[in-house]
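[1] quick check, what structure comes out for this input:
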Amino acid sequence: MPAKFKVEIAESAEKDLEEIWTYITQESPQAASLFVLELERQAHTLETFPKRCSLIPENEFLGGSYRHLLVGKYRVIFRIAGKRVFVLRIVHGSRLLDFSELAFQNFFAGYSEQDSIYDSL
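    Just a heads-up that it's a prediction; the model follows:
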């Protein structure tokens, strides 16, 4: 049986979901709700085999180990720390990734060195 990871959604990713819903609801509220639910469902699939997702190209500039799960035209940006997966952003693939919003020092506060976000690979 594959190892299970705990998926945690950062406030910034929740905000992204709200913005995605608001944008799509202009055309179709029902489609917006269904799509946001699918994004959430896909994000929670990271509880098994999160390393199946590729490293993001922006790691070259970040010096980190961020990964992304592609869902349609959207990217679910996350990090693996120990047995946790931290979903940090959910952005449209055509948008530039705001690097400042990946500095989640408060989000990771309280995690032991064993859970270090820098030991995720």
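
[2] the residue nearest to Gln42 when sequence neighbours are not counted pairs with what?
    The shortest distance from Gln42 to any residue other than its chain neighbours is 4.6 Å, reached at Val71 (Cβ to Cβ, 6 or more residues apart in numbering). In short, each C-beta sits where N, CA and C put it, glycine included. Counting by DSSP bridges, Val71 is bridged to Tyr74.

[3] for the worst-scoring helix or strand of the chain on mean pLDDT, C-alpha coordinates in CSV please.
    Across the helices and strands of the chain, mean pLDDT, DSSP states H and E gives its lowest value to helix 59-62, namely a mean of 82. Below are the C-alpha coordinates for helix 59-62, written out as CSV (Å, rounded to 0.1, in the frame of the first residue of the first chain):
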residue,chain,number,x,y,z
ASN,A,59,13.1,26.3,-9.3
GLU,A,60,16.0,27.6,-11.2
PHE,A,61,15.3,31.1,-9.8
LEU,A,62,13.9,30.0,-6.4
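
[4] what distance separates it from the centre of its chain?
    Put simply, helix 59-62 sits 16 Å off its chain's centre (Cα atoms, centre = their mean, to the nearest Å).

[5] what is it packed up against?
    The helices and strands touching helix 59-62, judged by 3 or more Cβ pairs under 8 Å, 6 or more residues apart in numbering; DSSP states H and E, number zero.

[6] lovely, talk soon.
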